[in-house]
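*Asks:* here is a sequence together with a model predicted from it:
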Amino acid sequence: MLRLEPRARPSAWMAWLSPLLAVLLTMLCGFVLFLAVGKDPVASLSVFFLEPLRGLQGWSEVGVKMAPLLMIAVGLSLCFRANVFNIGAEGQFVVGAIAAGALILRIDNDANGGFWLMSLALLAGVLGGMAWASVTAWLRDRFNANEILVSLMLVYVAELLLSYLVHGVLMDPDGFGFPQSRLFSDGFLLPAILPGTRLHPGILLALGAAMLGWLFLARSFAGFRLQVGGMAPLAARYAGFSSRRSLWLAMLASGGLAGLAGACEIMGPIGQLTPSISPGYGFAAIIVAFVGRLHPIGVIFSSFIMAVLYIGGELSQSRLGMPSAITGIFQGILLFALLACDVLIHNRLRWRP
Amino acid sequence: MDALAPLIASAIVAGTPLMLAALGLLVNEKSGVINLGSEGMMLVAAVAGFAVALDSGSPALGFAAGAAAGMALSAFFAWLTVWLGANQVATGLALSLFGVGASAYLGLPYVGETLTVHPSGIPLLKDLPFVGRALFQHHPMVYVSLLLCAGIAWFLSRSRAGLVLRAVGEAPASAHALGYNVRRIRLCALLFGGACCGLAGAFMSLVYTPMWVENMVAGRGWIALALTTFATWRPLRVLVGAYLFGGITILTFHMQALGVPIASQLLSMLPYLATILVLVLISRNANWIRLNMPASLGKNFNPNT
């Protein structure tokens, strides 16, 4: 019988091999899933995992999806390493988009815009996300309220707030009553960094955030304190590291990055405020952070995989007639697969007759 | 007065899924396991229950299917966390994310279908003035949930098995040393919790709004998790909390219907804001929470090390 046997020490190899195994396991589950619903599994999987990477257009679209996922996941990696379970990044994303969008709608006069005003709008997005995250941080810090539940409740509140605003004060007066804002003028739309594609500078900001996140965790004392607080709270307290400071730092960083992702999304591919600006990026980024081993460089790879899954899901709707929910199923399976594979970090499989 | 009876009745109906789910989660947590997958389990159970009830024409079979779906998912959760030692928070999140996708996929053929709910109630009592309308004209599952609440309260505080369950949640190593099988007890607790969340989900799609709508649970799984903290892990306080939240939900509907000049989106925020408020009020005293919370909540136990 195949048995699990504890290892003497965690395997460093398995720690990095496990995400790859998880992706393979997800594909295997996909194979079975497609077979079960009567689709050709090989053709379906190639639509899901290979078609998105066809040509420059394909790669650039993957980059468009990767930008918000990477930004949010870098922030969440810091958070989860500090043992702060901010799972409301979706709400911080939405409020970041509201803040940036409201500012743009206020100052946009069809003739202005440009680098500095766009930067100002992005900054508004960051501040919006930070403000939303700081509600959770404050309630946790001051009242000891569970951050998982509070941040999650605030996702629903943020989505309702967005819906309220685009049905009300931010609605396009010439929009025939559709619940959306007017389109931002060209001066407030992020330019394409590759001509002929939708790839916007957000991806560069995201990669920059990943580098900064890595520098922070690996090279700064504050990053060290944050990780000690997450791994060994008692040791951190003994060393005099403030758990409150780590909490605020982690929440503000992840909220700010999620807000930036929201701002980039409405100034990039969407170009206006609508009631549904996120296809669940904030939740998918939780999976991205775990699959990337909570490592700011690791999440570059996992956000790429997640972006491929998003595009693959869109393609399978048009090519295979699969419903959009298939993306969510694949996301869930990926996280399950990772958690199962991670068992092999601390255990090994042994054959015992 | 006559307007009040239906209000009370609908508050009870709205509170019932919260109570069912929160009772199950409470038993989970008493055994030391926190299952953040309640939202996902409720959604999958809502689809499963609706599908079976529609195809078979029997709501009872629908509830059974919902409970079975919840149990199947919680068995998977138990395998990952209790046997393989995976992180409970991450696994629960995975279950919720998976449940949202899976239920949306499975529910596609059922969008737009509706069930007819037959009027029910307790004979004789339901014809009483006022209290009859308010309390005794409900679906049988409402009364089942009340019995369940009393039963769990008795089980946890008065029965030997309940004492063992609590011991596993407080000090798994000690329970293990006394010869109790910690893993099997946690599995049983999780299966029970899954069945309760399943009943809650099925109640949503069979009774509360007798149809399937994507994401129809709308955060109730998370609110139920908050309710266990609000109740400081006591079943009778879960009842109070659930009906309170049911009341808030119904109040927002009625304010919309009465044309209160507040946007519907802002009114819909109320249950979520109330959850936060309740968490803040109850958690403010960290010592009180620490005294009531099962000591090993969220921590895995491996009997082989």
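*Replies:* Cool, got the structure. Just so it is clear, the model here is predicted, and its values are computed rather than measured.
*Asks:* what's the helix or strand hosting residue A:212 in contact with?
*Replies:* In this assignment (DSSP states H and E), residue A:212 forms part of helix A:202-219. Contact partners of helix A:202-219, identified using C-beta atoms under 8 Å, 6 or more residues apart in numbering or on different chains, comprise A:63-64, A:66-68, A:70-71, A:74-75, A:77-78, A:81, A:190, A:193, A:222-223, A:226-227, A:257, A:260-261, A:264-265, A:268, A:295-297, A:299-300, A:303. C-betas here are computed from N, CA, C, even on glycine.
*Asks:* any of those buried? List them.
*Replies:* Listed as buried from the contacts of helix A:202-219 are A:63-64, A:66-68, A:70-71, A:74-75, A:77-78, A:81, A:190, A:223, A:226-227, A:257, A:260-261, A:264-265, A:268, A:295-297, A:299-300, A:303; burial here means 16 or more other C-beta atoms under 10 Å in any protein chain shown.
*Asks:* near chain B too, which of the residues you listed?
*Replies:* The subset of the buried ones among the contacts of helix A:202-219 within reach of chain B, counting by C-beta under 8 Å from any C-beta of the partner chain, is empty.
*Asks:* for the record, mean pLDDT for stretch B:111-120?
*Replies:* Average pLDDT, stretch B:111-120: 83.
*Asks:* OK, contacts around residue 80?
*Replies:* I went with chain A, as the question did not name one. A:230, A:289, A:290, A:294 are the contacts of residue A:80 under C-beta under 8 Å, 6+ apart.
*Asks:* that's the wrong chain, I wanted chain B
*Replies:* Per C-beta under 8 Å, 6+ apart, neighbours of residue B:80: A:336, A:339, A:340, B:86, B:91.
*Asks:* need the residues you listed in TSV (columns: distance to residue B:144).
*Replies:* Below are these laid out as TSV (distance: C-beta to C-beta, whole Å):
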residue	distance to residue B:144
A:336	32
A:339	34
A:340	35
B:86	33
B:91	29
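*Asks:* ok, so of those residues, who is nearest residue A:1?
*Replies:* residue A:340 (18.2 Å; C-beta to C-beta).
*Asks:* surely that closest one is in contact with residue B:83?
*Replies:* No. Look at residue A:340 against residue B:83 with C-beta atoms under 8 Å: they stay out of range, at 10.6 Å.
*Asks:* so the two - more neighbours on which side?
*Replies:* Between residue A:340 and residue B:83, counted using other C-beta atoms under 10 Å in any protein chain shown, the more crowded position is residue A:340 (18 against 15).
*Asks:* the helix or strand where the more buried one lies - what's its average pLDDT?
*Replies:* Assigning secondary structure by DSSP H and E places residue A:340 in helix A:325-341. Average pLDDT, helix A:325-341: 92.
*Asks:* and it, what other elements does it pack with?
*Replies:* helix A:12-36, helix A:281-291, helix A:298-320, helix B:88-107 (3 or more C-beta pairs under 8 Å, 6 or more residues apart in numbering or on different chains; DSSP states H and E).
*Asks:* just the helices from the stretch 51-200 of chain B, written as ranges.
*Replies:* B:59-78, B:88-107, B:131-135, B:140-158, B:160-170, B:172-177, B:182-203 (DSSP state H, counting those that start in this stretch).
*Asks:* JSON lines please, covering those helices and showing mean neighbour count and distance to residue B:14.
*Replies:* Output for those, formatted as JSON lines (neighbours: other C-beta atoms under 10 Å in any protein chain shown; distance: least, C-beta to C-beta, whole Å):
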{"stretch": "helix B:59-78", "mean neighbour count": "23", "distance to residue B:14": "18"}
{"stretch": "helix B:88-107", "mean neighbour count": "25", "distance to residue B:14": "20"}
{"stretch": "helix B:131-135", "mean neighbour count": "17", "distance to residue B:14": "14"}
{"stretch": "helix B:140-158", "mean neighbour count": "17", "distance to residue B:14": "11"}
{"stretch": "helix B:160-170", "mean neighbour count": "18", "distance to residue B:14": "29"}
{"stretch": "helix B:172-177", "mean neighbour count": "16", "distance to residue B:14": "36"}
{"stretch": "helix B:182-203", "mean neighbour count": "26", "distance to residue B:14": "10"}
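*Asks:* any idea which of those helices gets closest to chain A?
*Replies:* Closest to chain A of those, according to C-beta to the nearest C-beta: helix B:88-107, at 2.3 Å.
*Asks:* from the chain's centre, how far out does that closest one sit?
*Replies:* Centroid separation for helix B:88-107 versus its chain: 16 Å, with C-alpha atoms, centre = their mean, to the nearest Å.
*Asks:* got the angle for it vs helix B:59-78?
*Replies:* 140 degrees (axes from the mean of the first three to the mean of the last three C-alpha atoms, to 10 degrees).
*Asks:* elements contacting helix B:88-107?
*Replies:* For helix B:88-107, the packing partners by 3+ C-beta pairs under 8 Å, 6+ apart are helix A:281-291, helix A:325-341, helix B:38-56, helix B:59-78.
*Asks:* what helix or strand is the spatially closest residue to residue A:170 that is not a sequence neighbour on?
*Replies:* With sequence-adjacent residues excluded and distances taken as C-beta to C-beta, 6 or more residues apart in numbering or on different chains, residue A:170 is closest to residue A:181, at 4.8 Å. For residue A:181, there is no enclosing helix or strand under DSSP H and E.
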